[in-house]
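**Q** Dropping a prediction and its sequence here:
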Amino acid sequence: MNIKPAVSRRLASVCAALCLGVAGSTQALSLVVEGDEITGVSGLDIQGQRYDVTFRDGAFNALYPAELSGYGPLARTVAQALLAATPSIQAAPNWRADLRPRGCQSADSCTVLIPDHSDGAAPSARMTQAVEAIYAKDRFSAVPEPLWPFDAATDTRYMPDMLYAIITPAR
């Protein structure tokens, strides 16, 4: 009895299944583009759950739903998922190297703020602590470790290199 061919067939089956799984999750991710801006990423897979991320300019207290004080650990997980999904984002049919997230007016880089927690909830928070996802040179390139304190009333429309990310479960 020769075990080697049986093991090789099983290994080939496992590899095929993994490739299909990766292809399936890549196909579910899509880049949302309006005009010359990336307005979001839909179908971002995080531990088997899919999320949509929308990029918006404004103030924390005006953008987020009432009673939201932040996304907690999901904020860092989404930032890391955007970083990991960059090759898939760049492979999207509607992607171009000159696209930037909505609200990003800087030619160098932009900081996408993803609220972790606040000292209160929208629309009455004073300060929010946010995870940063840095978008530079056509890709998400870094997720700095420390949280960044940000005045919840400050409107990012007046800050050409900052914007917010809104996370929702994918439909």
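**A** Sure, I can see it.
**Q** what's around Thr111, how many residues?
**A** 22 (other C-beta atoms under 10 Å). In this view, the C-beta of every residue, glycine as well, is placed from N, C-alpha and C.
**Q** my read: it touches Ala136, true?
**A** No - when contacts are counted by C-beta atoms under 8 Å, Thr111 is not listed as touching Ala136 (9.6 Å).
**Q** Which of the three states applies to Pro115?
**A** Secondary structure assignment for Pro115 (DSSP: H, G, I helix; E, B strand; the rest coil): strand.
**Q** Tell me where the model's unsure across this protein.
**A** 1-27 (pLDDT under 70).
**Q** Helices of that one, residue ranges please.
**A** Per DSSP state H, the chain carries helices over the ranges 3-28, 60-63, 73-84, 86-91.
**Q** now the end-to-end length of stretch 91-101.
**A** 16 Å (C-alpha to C-alpha, to the nearest Å).
**Q** cool, stretch 65-79 as well?
**A** 20 Å.
**Q** go on, stretch 81-96?
**A** Where stretch 81-96 starts and where it finishes are 20 Å apart, if you go by C-alpha to C-alpha.
**Q** likewise stretch 110-126?
**A** So stretch 110-126: terminal residues 23 Å apart, C-alpha to C-alpha.
**Q** Check stretch 99-117 too.
**A** 29 Å.
**Q** Kindly report the same for stretch 95-114.
**A** Distance between the two ends of stretch 95-114: 23 Å, counting by C-alpha to C-alpha.
**Q** before we move on, what about stretch 112-131?
**A** Terminal-residue distance, stretch 112-131 (C-alpha to C-alpha): 8 Å.
**Q** Spit out the contact partners of the spatially most central residue of the chain.
**A** For the chain, Leu82 is the residue whose C-alpha lies nearest the centre (C-alpha atoms, centre = their mean; 3.9 Å). For Leu82, the contact set (C-beta atoms under 8 Å, 6 or more residues apart in numbering) comprises 41, 44, 53, 89, 112, 133, 140.
**Q** which ones among those residues are found in strands?
**A** Using DSSP state E, the subset of these located in strands is 41, 44, 53, 112, 133, 140.
**Q** will you turn the residues you listed into a markdown table that also has neighbour count?
**A** Converted to a markdown table, those look like this (neighbours: other C-beta atoms under 10 Å):
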| residue | neighbour count |
| --- | --- |
| Val41 | 25 |
| Leu44 | 25 |
| Val53 | 26 |
| Val112 | 25 |
| Ala133 | 26 |
| Phe140 | 21 |
